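Q: Build me a model from this:
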Amino acid sequence: MLKELTLTTTVYLVTGYSDLRKGIEGLAAVVQGMLSLDPFNKSLYLFCGRRRDRIKGLLWEGDGFLLLYKRLDSGVFRWPRNEMEARLLTEQEIRWLLEGLELEQPKAIKESKPGILY
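A: Okay, here's the model as predicted:
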């Protein structure tokens, strides 16, 4: 279900450690208070705890919040642990995250901007 949601929704990854004991109200307060974003804008916000084997997702559906929870049987998510911020993810970064890969792939071809022709 998480993979299908990420195809049609704007996805923000909340970096750093999150307390996964928080419910909908607590996570919405983090989005609104600490990140200065609107939790009602129909974006998916992903949070990860210290163990990195579980994530929670918060999504406003128009008539209420949807709280998603995923626990891996083996392995961990490669979650950025810098200070808490919301990072907008590309489709490729979402795939890497859900496949257990780092978001910054050193050998990946980076998207470039149009420039001067040779």
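Q: wait, what's in contact with Val76?
A: Residues in contact with Val76 (CB atoms under 8 Å, 6 or more residues apart in numbering) are 51-53, 100. Quick note: C-beta positions are derived from backbone N, CA and C, even for glycine.
Q: That one and Tyr45, how far apart?
A: Here Val76 is placed at a distance of 20 Å from Tyr45 (CB to CB, to the nearest Å).
Q: Repeat that for Glu93.
A: From Glu93 to Tyr45 the distance is 15 Å (CB to CB).
Q: Kindly report the same for Lys113.
A: From Lys113 across to Tyr45, the span is 28 Å (CB to CB).
Q: Is the residue most central in space within the chain bridged to anything, and to what?
A: Most central in the chain under CA atoms, centre = their mean is Leu13, positioned 2.6 Å from the mean C-alpha point. Judged by DSSP bridges, the bridge partners of Leu13 are Leu46, Arg87.
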